[in-house]
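Chemist: After the sequence you'll find the predicted model.
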Amino acid sequence: MTRVGVPRLRRGAAGVALLCLTTTILGAGYLGASAAPAVAAGPVVAAAVADPAYEVTKTLTRVMRQPDGTDKEVDSREVTVVADRTTDLQGRQSVAVSWTGARPTASVQGDLSSSSGQQQEYPVIILQCRGVDNQVTPETCWTTDTSKRDTSDSAFYAVWTHDLYASDLDRSVSSPAADAWPTECDSAGDATTARHLVPFLGADGTKYWSCNGGHSSPPEMGVGSALPPNELGAITGLDGTGGMPFEVRTSAENQSLGCSATVPCSIVVIPIMGISCRDADRQCVKEAKGEPGVDYSDQVGTNVAVTGATWWSASNWRNRFVIPLTIAAARNVCDLLDARAPLAFYGSELISQAALQWAPAYCGKSDRFKFQANAMPEATAFRNLRRGIATAALVSYPGEPQEGDLPYAYAPIAVTGFAIAYVVDIPGNAGQLTELRLTPKLLAKLMSGSYPGVPLSDASKKERPDLANNPWSINVDPEFLDLNPGLRSELAYTKNADITWASLLSLANPSDAIRSLTEYIAADPEAMAFLNGEKDPSGMTVNAAYQGLALPRDDWPLLDVWRQPSLNVCDADQPLAWFNRVLAPVSGMNKIAQDVLSATPESLYSHDQDPVSALCKFTRSPRQNYGARHMLGLVSVADARRYGLTTALLRTSGTGTSGTFVGPENVSMAAAIETATQSALGGPYLLDQAVLRTHPDAYPGTMTVNVAAALTGLNAGTAGQVSQFIDVATTEGQLQGTAIGQLPEGYLPITSTGATAALYTSARKVADAIAAQTGLMVEPVVPPVITASPAAPPVAQPAAPPATAVSNPFVAVPPAAASTAVVPLTSAGDPAPVGPSVSVAAASVRTDAPRLGGLGGATLPAIFGVGTLGLIGAPVLRQISTRRPRS
Amino acid sequence: MTVEVLEEATGAGPVRQPAPVGAPIDPSSPSGRRANGGVRPRRPALPRPPVPAGASSGIWALVTVAALCGWFLIQVLGLGGLEQARAQHVLYAELREQLAAQTAPTGGAIEPGAPVAILSIPTLGREQVVVEGTAAGDLLSGPGHRRDTVLPGQVGVSLVYGRALTYGGPFRSITALRPGDGIEVTTGQGEFVYRVDGVRRGGDPMPTALKAGGSRLTLVTAEGQGPMAAVAPTSAVYVDATLQGEAVIGPAGRPAAVPEAEKSLKGDFSVLPMLALALQALLLSAVGVVLVRRHLPMRVLWVLAAPVLIALAWWTTDVVVQLVPNLI
């Protein structure tokens, strides 16, 4: 006997669903087409631009004391420093710092955050320091690298000893003085070698000498520390302008620095002008050795008087800009202040930034509950909801309907989406790329392992004819370069094969974001033609392992198990599929965002013997240097905003390299959400990529996040809490801002007017229905028939052990309608279809016994009838056929 | 076709019976005497013309249909009861052994068709072994436990389906249960006593929520309405019973859903390939009988052919009945 363990979708239901979907698409397309101009013109919340949080202009000078005792100004510049935000900052949040009027940087280096960044001539040093205004001293400023605090040089080059503005101690060859020299730092400065220490003052008052090679640094300090350095020696362009995202650390990341809501901190920006000299020392008065805008060269070298190595010297320090910051209250206050058990919501990672800001608005309030959001794959979350393990799931797509499902409703609480974050430097030290364009086909190429990432050997080409003619990575793909002409360059390093340029850092887990992304790819004929094996104009073909992959899907599989013919001893010994090393997906979008933030790829670049232990080990690609960073990752829009990541513009319409490219902005997300449709009352609003293609101004990565909860079976308290959450999240939780309870950037506010009005209305209705727990939502025109029976839920409480969470099959709400996925609500008067799927108002409180229609029930009488007919018919037929001829 | 061949070969078909033509009246026969008694002698019957070939096959088709329908009814209503009683006997022996050895299933994924519990309803004088699975095929041997619900005795709602009419109709009279009647269930986890809460039909209010840690057993069968109620069940009917005493917890891993064929009042159309095979076998054996018939005397033929044909008809009916909604 054949059995299937999974329920099969009824053909009828599927047919109806298909019909309904088609109608919806057509309808939405029509409506959308007519509504499009209104979106563009409609009132949309403006992105936070134009009004910088910090903008100060100062005149910076470099002065030389003349032999006659007068001061001669050798250089004077009016520098303006701007920061985009300074308040309510969270850990690792980026502040965009930019400046104009500074002296162009010479001897440009690659790694701006290492000590070599400070070795540039006329860099702009950016540091995070504890304290504000005059509390800030070099001692409270953080550097991850001790060599930035411990300066020593032969007395001949020790330009700081000629500093016009320095104190006597700082100007001496040994600071601190030899008799006060800390024992943990080997030797004090003397007449031949000058040495200057800038100790670090910890938040707890500890004084760390932080000298090179000593053991006197705070735990977070050191080149190999857990987090990469956040201090920068940034570059000023030839026009005197520059800008860098600066990553702020809070006490959670750096306890020694200790910035928190109660300990104010600052970003200190020091445009290096060169040391002002008190005498005509030959080294001190020098200008730059290198040409502005030209890379550092060992043959040329630098003049120490104009590098950033002496950022702490009084001459440089007096030119500082102090940008005061306020750090947001720690988001984990709930764990400390509220001992109640949290009501956990499981699911979408897209909501995590909002949840961080929302959670403190719930805990500690007696009329609210302790809210907690836990990220997990949406499908898993919905399964937990169905099993009663979770009270509410956070999902973007409706769960697969199943027989015996309780009726579920979906309340939209956020409009956000996925984004392709990137960190790409323009070749030739021209700064970070601020506009990257991608097409669905390029995404398909990256995700399908169609770029091998390395030049293939002849043996490899023989094994992989499908990859033999492909560009090794996207940086040499003409299609990509046509789209992003700024990356076209004759510099040799830009044409190298690179494993990081060959993949989009993506998710290993199933996720609704992957589903949305693959829907976007699937709706594009070019991308699908490529995936189905069609050759690119440049001769590129899809990786055979991914050819014909069915899209959309909610996970992106690693399908290519090919191993490169032994690259080295280790590969022969412990082979690993090559594309697993290239694609190297990770478990969460937040991880991807942090990787892109620090330009640290996940690709397993090398597989070599450890020099010490002689054991083979895989090594991630190293952190990329400034000037040559190139990384793409799938992130949530909110994470991208929090970390200040640049996000790619995705093609919305058109073909090839022409077309419209749109990034995730509130305006473009609003344009997209206008086209969203709801398939059933209480269902989620879904976007259709086919419709979005007709809206060039709509961001295709837009997604909604919904609270999904059961409409029966929750106890009143829990139902009330879920309902309250939806109410709060869609009202005060939609005010955009950085304060507790507000909506962070990266989300389009859901409001009662404008593009999101329908979502707002739906959320309110669903909140009411969840609070009422009276079963499937119905249009109010059909008065629900409730008997006098107590409004007790018909199934076991979700608190029961998992074994009982199997839903009661005769709550018998029609599965399709319950999940509200694709089947429209049937009205009360509809004829009952065969089987247990009668759908009427308030079905959940009444027994819904399946009935057999037609002959189904009367099988036996029917067979009896047929048999009797045969029994009677045979003699009758004989009688008729042999009737005697009339005589 | 078969029928005609048969007829041609025997020459003894009812249609070919030669009618006596102008037989002389025997004066010694009673009729002759009666004829002598002044009654006008009956005119001798005219010869019946032979049945035309088309009609002949029609008649045989009708007879065959009648025989098949008749057999079907006899089996599902009568012989099926014997089959079910026999299956119960085997299942009981199996479960008894498992209970003694403490290997009876208590949860997780249980093979469909395996015995899981003994259900005893003293009021109705019924004792049945409950098997796992509620597809029509499982219910041939006894009441079936729906696979996506907990086992009886465990925390939660447990569903047991049973046939109302055919194959012994183990749940024929459960609608006669009254609130308070006891139902005893024995599983690998012990003996559990349920008390009936009531009979529930479509449109009735749902039972009240289970208390946390409570257990409910719901028996499901079908019943008819109107004059044909006894022979044509058309809608599902439920009997709810609540556990008296402590419920137990079973191992996890129960299926989260069941195929369509295991839901109430559904036929199992996955048996269609099997049905094709069964009908083929029946047809082949019938042809075989006809062919062998030329060489064997009638009596020998019947002795040889009848068991084969009956066995195949039995098998075919067991398959056909799975297409019929499972609770009937």
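Modeler: Great, that's in hand. Remember, predicted model here, so these are calculated numbers, not experimental data.

Chemist: Which segments of the chain make up each domain?
Modeler: Went with chain A since none was named. Split into domains by automatic domain parsing, chain A comes to A:62-148+A:212-325, A:418-666.

Chemist: nope, chain B please
Modeler: Per the record, chain B has its domains at B:72-265, B:270-323, by automatic domain parsing.

Chemist: Output those in a markdown table; the columns should cover mean pLDDT.
Modeler: Formatted as a markdown table, the domains of chain B follow (pLDDT from 0 to 100):
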| stretch | mean pLDDT |
| --- | --- |
| domain B:72-265 | 89 |
| domain B:270-323 | 91 |
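
Chemist: Deepest-packed of those domains, please.
Modeler: domain B:72-265 (a mean of 20; mean count of other C-beta atoms under 10 Å in any protein chain shown). C-beta coordinates here come from the backbone N, C-alpha and C atoms, glycine included.

Chemist: Between its first and last residues, how far does it reach?
Modeler: Criterion C-alpha to C-alpha, to the nearest Å; first-to-last residue distance in domain B:72-265 is 20 Å.

Chemist: how much distance is there from that domain to the middle of the chain?
Modeler: Its chain's average C-alpha position is 17 Å from that of domain B:72-265, according to C-alpha atoms, centre = their mean, to the nearest Å.

Chemist: who's in contact with residue B:225?
Modeler: By C-beta atoms under 8 Å, 6 or more residues apart in numbering or on different chains, residue B:225 lies in contact with B:234-235.

Chemist: Let me fix that, I meant to ask about residue A:583.
Modeler: By C-beta under 8 Å, 6+ apart, the residues touching residue A:583 are A:447, A:449, A:503, A:506, A:558, A:603.

Chemist: wait, isn't the third one in contact with residue A:586?
Modeler: No - with contact taken as C-beta atoms under 8 Å, residue A:503 and residue A:586 are classed as non-touching, separated by 11.6 Å.

Chemist: So between the two, which is more surrounded?
Modeler: residue A:503 (29 against 18; other C-beta atoms under 10 Å in any protein chain shown).

Chemist: Contact partners for that one?
Modeler: A:446-447, A:449, A:451, A:453, A:582-584, A:603, A:632.

Chemist: same question, residue A:505
Modeler: By C-beta under 8 Å, 6+ apart, the contact list for residue A:505 reads A:584-586, A:592, A:595-596, A:601-602, A:631-634.

Chemist: Can you check the pLDDT for it?
Modeler: pLDDT, residue A:505: 94.

Chemist: Can you tell me the closest non-neighbouring residue to it?
Modeler: Closest residue in space to residue A:505, ignoring its immediate chain neighbours: residue A:633 at 3.8 Å, by C-beta to C-beta, 6 or more residues apart in numbering or on different chains.

Chemist: Just to be sure, the one you found is in a strand?
Modeler: Yes - membership of residue A:633 in a strand is supported by DSSP: H, G, I helix; E, B strand; the rest coil.

Chemist: can you count the residues close to residue A:345?
Modeler: Neighbour tally, residue A:345, other C-beta under 10 Å: 25.

Chemist: And the helices in the stretch 1-150 of chain A, which stretches?
Modeler: Using DSSP state H, counting those that start in this stretch, the helices of the stretch 1-150 of chain A run over residues A:11-41, A:115-118.

Chemist: ugh, typo on my part, it should be the stretch 101-250 of chain B
Modeler: Under DSSP H, counting those that start in this stretch, the stretch 101-250 of chain B gives no helices.

Chemist: export stretch A:872-884 as CSV, just CAs?
Modeler: Only the C-alpha atoms of stretch A:872-884 are listed here, as CSV (Å, rounded to 0.1, in the frame of the first residue of the first chain):
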residue,chain,number,x,y,z
ILE,A,872,-34.1,-8.2,-13.4
GLY,A,873,-32.7,-7.0,-16.7
ALA,A,874,-31.3,-10.3,-17.8
PRO,A,875,-34.6,-12.2,-17.9
VAL,A,876,-36.4,-9.2,-19.2
LEU,A,877,-33.9,-8.8,-22.0
ARG,A,878,-34.2,-12.4,-22.8
GLN,A,879,-37.9,-12.2,-22.9
ILE,A,880,-37.9,-9.2,-25.2
SER,A,881,-35.3,-10.6,-27.6
THR,A,882,-37.0,-14.0,-28.0
ARG,A,883,-40.5,-12.7,-28.3
ARG,A,884,-42.5,-15.2,-30.3
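
Chemist: can you give me the strands in the stretch 451-600 of chain A?
Modeler: With strands called from DSSP state E, counting those that start in this stretch, the stretch 451-600 of chain A shows none.

Chemist: What segments of the stretch 1-150 of chain B are strands?
Modeler: Using DSSP E, counting those that start in this stretch, strands in the stretch 1-150 of chain B cover B:115-121, B:126-132, B:144-145.

Chemist: buried set for stretch A:471-478?
Modeler: A:471-477 (16 or more other C-beta atoms under 10 Å in any protein chain shown).

Chemist: Among these, which ones are in helices?
Modeler: Members of these lying in helices (criterion: DSSP state H): none.

Chemist: Of those, which is the nearest to residue A:749?
Modeler: Sorting the buried residues of stretch A:471-478 by distance to residue A:749 puts residue A:474 at the head of the list, at 35.3 Å, by C-beta to C-beta.

Chemist: Just list the residues touching that closest one, thanks.
Modeler: Residue A:474 makes contact with A:442, A:445-446, A:451, A:480, A:501-502 under the criterion C-beta under 8 Å, 6+ apart.

Chemist: now those residues as TSV including distance to chain B, neighbour count and pLDDT?
Modeler: Listed next are these as TSV, based on distance: C-beta to the nearest C-beta, whole Å; neighbours: other C-beta atoms under 10 Å in any protein chain shown; pLDDT from 0 to 100:
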residue	distance to chain B	neighbour count	pLDDT
A:442	39	26	94
A:445	38	29	94
A:446	36	25	94
A:451	40	28	93
A:480	45	24	92
A:501	43	25	91
A:502	40	26	91
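
Chemist: ok, whatever residue of the stretch 401-550 of chain A ends up closest to chain B to residue A:386 distance?
Modeler: Nearest residue of the stretch 401-550 of chain A to chain B, counting by C-beta to the nearest C-beta: residue A:402, 5.1 Å away. Distance of residue A:402 to residue A:386, computed by C-beta to C-beta, to the nearest Å: 7 Å.
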